[in-house]
Each structure stands twice: as C-alpha cells, then as structure tokens.
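Participant: Okay, predicted coordinates and the sequence, questions at the end:
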Amino acid sequence: MHMIFKQKPFLSPEQNIDFQMARAAETAAMVALRNVVQRVQQASDRVNRPAAQVRVVAVSKTKPVSVIQEVYDSGHRHFGENYVQELLEKAPQLPADIQWHFVGHLQSNKAKALVSGVPNLYMVESVDSLKVANHLDRAVSGLGRQPLRVLVQVNTSGEKSKFGVEPSECVQLAKHVKKECPNLQFSGLMTIGMLDYTSTPENFQTLASCREKVCRELDIPEHECELSMGMSSDFENAIEMGSTNVRVGTTIFGPREYT
C-alpha cells in the first residue's frame with residue numbers, strides 16, 4: 001500500500017480539541033479511504049501477507065477533481081480512471097505526482113492520446129489484444145519516456161460482454177508484450193470478474209493459474225508478475241487469494257454520478 005495512518009498518540013485536552021476539529025474537517029471520501037486501508041490490513045493479516053504488498057487504486061470515475069484532490073491531500077497517490085477523455089480532462093488539473101492507472105477498455109486508436117496527454121500515466125491495466133499493445137508501444141516510443149507498465153487483461157468469467165483474452169491466450173499476449181514491445185513493461189495480469197463487477201473465488205483462482213503459466217513460460221519470478229483483481233465488493237477476498245492491486249471506487253467515492 002502507499003498510505004500510512006498513524007495511531008493516535010496521547011494528547012492533552014487542548015491537543016485533543018485540535019485533533020477532533022481536524023478529524024471533523026475530514027471529508028467522507030477521506031474517512032472511507034482510511035477504512036479501506038484498514039480493511040486491506042485486516043485481509044492481509046488473515047493470510048499472513050504484508051499489507052505493503054497490496055496497492056490500493058482509488059478509481060475516481062465520474063467524480064469531480066475537487067473530491068480527487070481531497071483524497072490526494074490525505075496522502076494517497078494511486079488513482080484510476082475508466083475513460084480516456086475523462087482522464088485527459090482531469091490529469092492536468094491535479095498534482096503531477098499522482099500515479100494514474102487506466103483501468104477501462106482501451107481502443108487502440110486512443111492509445112496515443114492517452115500516453116501523450118497524461119505524462120504521469122503509471123500503468124495501463126487493460127491490454128487485451130496484440131493491436132492495443134502495439135499501438136501503446138508505438139505511442140510510448142514517440143515520446144521517449146520510460147517504458148510504460150502494462151497488465152494483460154484476462155476474461156476469467158467467460159462472459160461475452162467482458163473484454164480480455166481467454167485464459168488459454170494469456171501467455172501468448174504476455175510474451176508478445178515482453179518480447180516484441182520494448183517500450184512497454186509487462187507487469188502482470190488483470191481481471192474484472194463477473195457481469196455485475198464482482199468476482200468469485202474461481203475467477204481469482206483462474207487469474208492466479210494464468211500467472212503460474214505466464215511466469216513459467218516467460219521465466220520470470222511470480223513476485224514480478226502482479227495480480228490486479230478485486231474491486232469495492234470483493235477486494236478483501238481478492239487479497240486473501242493473492243491480489244497485489246485492488247481497484248476500489250464506490251467504497252471510497254460513493255455511487256457513480258452519471259448524467
């Protein structure tokens with residue numbers, strides 16, 4: 001994780017008043033984030049994992065810049081967006097040290113706009129085809145920036161409405177990114193899960209099995225291959241089954257605000 005909330009120390013009556021006033025000034029999103037971090041810690045403890053192995057990505061889809069800034073001010077740095085245009089509009093209005101994750105379906109013809117418009121793009125979690133990988137690779141090459149971290153998206157539920165490669169194809173795409181895309185850094189695998197954006201243990205196990213195959217075929221250690229799985233409704237179960245990256249939106253920011 002990338003946040004630390006310190007235990008409240010012993011305070012004098014005067015200091016306690018100041019402390020309570022500061023707590024009262026916290027926004028709902030800040031309180032919710034702290035609760036998520038505590039739940040990540042508890043889930044990690046249940047399986048004897050260091051909580052520091054789990055990254056929380058605050059997915060701010062449809063939320064205004066002001067609310068994202070509030071969560072940033074609490075110390076959080078990893079944020080995610082689902083739509084290219086929304087990220088292109090928000091990123092320039094927010095601090096440059098935010099580490100943006102693109103977590104939605106990426107159309108290959110928008111790869112260049114995404115990479116060039118968001119200099120602090122940390123990771124694209126949703127590479128689901130050779131075409132998308134190739135377009136991203138060319139876009140990064142044209143900018144001369146450091147290799148961009150990418151995850152291969154796997155359709156673990158088998159639903160036709162879901163993007164992602166079939167589990168049987170994950171090795172092929174991962175190998176292509178690693179061997180044929182010098183401007184991309186293959187960093188692991190991602191899954192969304194079921195149609196209702198929840199996952200079952202079977203979905204998580206499928207992604208973990210994909211990691212075993214990918215690491216064996218590419219000869220890389222498993223700790224260098226991330227598993228991005230788990231969202232608001234199931235991130236604790238995902239952590240218990242090995243997730244290193246959870247994408248939490250509504251639990252932190254509240255319901256989406258579609259127009």
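Facilitator: Everything's here; your move.

Participant: make it CA atoms for all contacts and neighbour counts henceforth
Facilitator: Will do.

Participant: any idea of the mean pLDDT in whatever helix or strand Tyr122 lives in?
Facilitator: Element membership for Tyr122 (DSSP states H and E) is strand 121-127. In this model, strand 121-127 has a mean pLDDT of 98.

Participant: other SSEs contacting it?
Facilitator: Contact partners of strand 121-127 among helices and strands, from 3 or more C-alpha pairs under 8 Å, 6 or more residues apart in numbering; DSSP states H and E: strand 99-102, strand 148-153, strand 184-190.

Participant: for the stretch 1-150 of the chain, which spans come out with low pLDDT?
Facilitator: Residues of the stretch 1-150 of the chain meeting the criterion pLDDT under 70: 1-25.

Participant: the helices in it, which residues?
Facilitator: 13-24, 28-46, 65-73, 84-90, 111-117, 130-143 (DSSP state H, counting those that start in this stretch).

Participant: Tell me which of these lies nearest to Val248.
Facilitator: helix 28-46 (8.5 Å; C-alpha to C-alpha).

Participant: quick one: Leu87 and Gly104, what's the gap?
Facilitator: 11 Å (C-alpha to C-alpha, to the nearest Å).

Participant: Now do the shared contacts for those two.
Facilitator: Common neighbours of Leu87 and Gly104, counting by C-alpha atoms under 8 Å, 6 or more residues apart in numbering, are Glu81.

Participant: out of the two, which sits in the busier spot?
Facilitator: Leu87 (21 against 18; other C-alpha atoms under 10 Å).

Participant: Leaving out the residues flanking it, which one is nearest to the more buried one?
Facilitator: Setting aside the residues directly before and after it, Leu87 is nearest to Glu81 in space (C-alpha to C-alpha, 6 or more residues apart in numbering), at 6.0 Å.

Participant: Looks like Val171 contacts Glu217 (just checking).
Facilitator: Yes: contact criterion C-alpha atoms under 8 Å: Val171 and Glu217 qualify, at 7.2 Å.

Participant: Name the residue in these two with the higher neighbour count.
Facilitator: The neighbour comparison of Val171 against Glu217 (other C-alpha under 10 Å) goes to Val171, with 22 against 13.

Participant: Of all the helices of the stretch 1-150 of the chain, which one is nearest Val57?
Facilitator: Across the helices of the stretch 1-150 of the chain, the minimum distance to Val57, taken as C-alpha to C-alpha, is reached by helix 28-46, at 10.4 Å.

Participant: residues in contact with that closest one?
Facilitator: For helix 28-46, the surrounding residues in contact (C-alpha under 8 Å, 6+ apart) are 1, 3, 5, 50-51, 54, 56, 67, 70-71, 74, 236-237, 239-240, 251-254.

Participant: same thing with stretch 238-245?
Facilitator: Defining contact as C-alpha under 8 Å, 6+ apart, one finds that stretch 238-245 is touched by 40, 43-44, 46-47, 53-57, 201, 204-205, 208, 226-230, 246.

Participant: again, only using 7 Å
Facilitator: 43-44, 47, 53-56, 204, 226-230 (C-alpha atoms under 7 Å, 6 or more residues apart in numbering).

Participant: Which positions within that stretch qualify as buried?
Facilitator: 238-245 (16 or more other C-alpha atoms under 10 Å).
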